[in-house]
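> Take this sequence and fold it.
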Amino acid sequence: MLTSLATILHELQQVESAKLSKENVTHAPTIGAMYEGLTRELLDRAIPASLDVRVVSGFVEGHDGQLGPQTDAMLVSGEGKPVPYTNDFVWPIQNVLAVFEVKKNLYGADLDDAFQKLRTINEMFDQYVQSAHPLFDITPAFNAFARLTGLYPKSPEHVAQLSEEWQTFYHLLVVEQTGPIRVILGYEGYVDEAGLRRGFADYLEQNSGTRGFGLGSHPNLIVCRNNSLLKMNGQPYISPLAEGRWVAVVSNNENPIRILLELIWTRLSNQFQQYIPMDDTLQLERLAPFFLARIVPVGQAIGWQLQHHELDKQELASIKSTQWAPREVDENEWAILHQVANKGELDVRDRYFREWAQEEKFDPDEAIAKLIADRLLAWVDEHHVRALTQGDLITAFMHSGQTIATGDDELAALWMMEQLGPRKKKPRE
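Below you'll find the predicted structure:
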């Protein structure tokens, strides 16, 4: 459903934006209003009708009653206050799900303007959390943390027992889950993926060392033409840590509406605890690494260090999208997963587990390490492992002789339908 809708909306966007570019209008605010109106129309069509959310423009109101900068579009729930004699609204920060800054031409100055406005919204949400201490269901952030690190703490209290580095990763992912999605949407501007990457890298370099440009302040998504920069914050996209580094930001040169819908629908699903069917294809988004992040000492504290992963046009062109497939497991790995699924957790020191591994002549620690590296399992503590996902762990024996395992039931269903689809009948002899 998601990919099909994204294709339709992208085609509509292309057609309508081409019409706007031919309009004989030179008044800058009116030009901006046309593109903002088109964006709100696209967003309206992207929201499931069953949910009590709407797309408006106006102002975000902080917990102290102060207003943020005027927003081009925001996805909201609950109730807001109309601005008299306008079509705008004032909406409380706690009910703002996403904020969009729309630019006809996205280059340095407009990029800075949009970045600063969205950073202000981010700061307003942080002030709200510090003041009101709201309660959130942070299960999605726990899942994201496990996918990033291979660790799945039992509770927030157990997070406090982790290293300062792990706590920093965790708290970033919580804020990314609970705060408004922040999107910069440029209809024209940087001409290709390489140009957008270079433009944003230069912008950050110009502001190097300036407070407010750390990873937490970055928008979730920056779109220019058909190219985008995406923060891998686990909602839903994320990449595992490798040698202490995290691919925190990636670029894409395909349909940016598909990525935008993934972000919005994931947030709506989390917010309203409602299942929204997403995947209708096994074709994964093509994601090119852009910024690598790691935690480093900063004076008496620690902070984010971003390393620009430079790729030229030829290198970017060589990166292709792939098809999703479940992990193939051997019989010993399957038995381990089966035990974890039955018990909830597995103590890797268990005497019977060790004796069984010795009888089967395999290294249990190596097997556990591989399952964690492939994010089928995660460490709960030093000695216990659990399934990475909270839902069911799916295993299946295929006609091909494969044994597969995954925690992604939606993609697994698509993959199995493809594998078990109509077969050619053998001709009768």
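> List the residues that contact the closest residue to Leu229 other than its chain neighbours.
For Leu229, ignoring the flanking residues on the chain, the nearest one in space by C-beta to C-beta, 6 or more residues apart in numbering is Ile222 at 4.3 Å. In this view, the C-beta of every residue, glycine as well, is placed from N, C-alpha and C. By C-beta atoms under 8 Å, 6 or more residues apart in numbering, Ile222 lies in contact with 106, 111, 183-184, 186, 196, 200, 228-229.
> Pull up the per-residue confidence for Ile222.
With respect to pLDDT, Ile222 scores 98.
> what are the pairing partners of the helix or strand containing it, and which direction each?
Taking DSSP states H and E as the criterion, Ile222 maps to strand 221-224. If you go by DSSP bridges, strand 221-224 pairs up with strand 181-189 (parallel), strand 227-231 (antiparallel).
> So Leu260 sits against Asn220, correct?
No. Counting by C-beta atoms under 8 Å, Leu260 does not reach Asn220; the two are 9.5 Å apart.
> what's the overlap in contacts for those two?
By C-beta under 8 Å, 6+ apart, the residues touching both Leu260 and Asn220 are Val183.
> got the contact list for Ala396?
326, 403-404, 412, 416.
> so the residue nearest to Leu229 bridges to which residues?
With DSSP bridges as the rule, Ile222 is bridged to Ile184, Leu229.
> show me where pLDDT drops low in this protein?
For the chain, applying pLDDT under 70 flags the ranges 1, 390-391, 422-429.
> now the helices for it?
In the chain, the helices defined using DSSP state H lie at 2-21, 28-46, 108-132, 139-149, 156-159, 164-178, 193-206, 256-272, 313-317, 331-343, 351-360, 364-373, 409-419.
> buried ones in the fifth one?
By neighbour count, with 16 or more other C-beta atoms under 10 Å as the criterion, the buried positions of helix 156-159 are Val159.
> before we move on, back to that, turn the strands paired with strand 221-224 into JSON lines, including mean neighbour count and distance to Glu310.
Formatted as JSON lines, the strands paired with strand 221-224 follow (neighbours: other C-beta atoms under 10 Å; distance: least, C-beta to C-beta, whole Å):
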{"stretch": "strand 181-189", "mean neighbour count": "24", "distance to Glu310": "21"}
{"stretch": "strand 227-231", "mean neighbour count": "25", "distance to Glu310": "14"}
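> Take the ones you listed and lay them out in TSV including distance to Asp381.
Output for these, formatted as TSV (distance: least, C-beta to C-beta, whole Å):
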stretch	distance to Asp381
strand 181-189	33
strand 227-231	29
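> out of those, nearest to Arg147?
Of all those, strand 227-231 sits nearest to Arg147, with 14.5 Å by C-beta to C-beta.
> Go ahead and measure how far that closest one is from the middle of the chain.
The chain centre lies 10 Å from the centre of strand 227-231; the measure is C-alpha atoms, centre = their mean, to the nearest Å.
> which residues are in contact with that strand?
Contacts of strand 227-231 (C-beta under 8 Å, 6+ apart): 176, 190, 192-193, 195-197, 200, 215, 218-222, 237, 248-253, 256, 259, 287, 290.
> which of these count as buried?
Here, 16+ other C-beta under 10 Å leaves 176, 190, 193, 195-197, 200, 215, 218-222, 237, 248-253, 256, 259, 287, 290 buried among the contacts of strand 227-231.
> burial measure for Leu371, as a count.
23 (other C-beta atoms under 10 Å).
> got the contact list for the nearest residue to it once chain neighbours are set aside?
Spatial nearest neighbour of Leu371, chain neighbours left out: Leu377 (4.4 Å); criterion: C-beta to C-beta, 6+ apart. Going by C-beta under 8 Å, 6+ apart, Leu377 touches 336-337, 340, 368, 371, 385-388.
> which of the contacts of Ala396 are buried?
Buried, going by 16+ other C-beta under 10 Å: 326, 403-404, 412, out of those.
> Which ones among those residues lie within strands?
Those of the buried ones among the contacts of Ala396 mapping onto strands are 403-404, per DSSP state E.
> wait, which of the buried ones among the contacts of Ala396 is closest to Tyr275?
Closest to Tyr275, out of all of those and judged by C-beta to C-beta, is Ala412, at 15.4 Å.
> Now that that closest one has come up, it's in contact with Pro326, right?
Yes. Taking C-beta under 8 Å as the definition, Ala412 is a contact partner of Pro326 at 5.9 Å.
> Overlap of the contact sets of those two?
Contacts common to Ala412 and Pro326, judged by C-beta under 8 Å, 6+ apart, are 394, 396, 404, 406.
> Please identify which pair of these lies farthest apart.
With C-beta to C-beta as the measure, no two of the shared contacts of Ala412 and Pro326 lie farther apart than Ala396 and Thr406, at 8.9 Å.
> tell me, what's touching these two both at once?
With C-beta under 8 Å, 6+ apart as the test, Ala396 and Thr406 both reach 326, 412.
> Would you mind listing the residues in contact with Glu176?
Per C-beta under 8 Å, 6+ apart, neighbours of Glu176: 141, 144, 216, 220, 231, 233-235.
> would TSV of the residues you listed with distance to Thr39 be doable?
Listed next are the contacts of Glu176 as TSV, based on distance: C-beta to C-beta, whole Å:
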residue	distance to Thr39
Ala141	28
Ala144	27
Gly216	25
Asn220	16
Lys231	20
Asn233	22
Gly234	25
Gln235	21
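> Separate out the buried members of those.
Of the contacts of Glu176, these count as buried by 16+ other C-beta under 10 Å: 141, 144, 216, 220, 231, 233-235.
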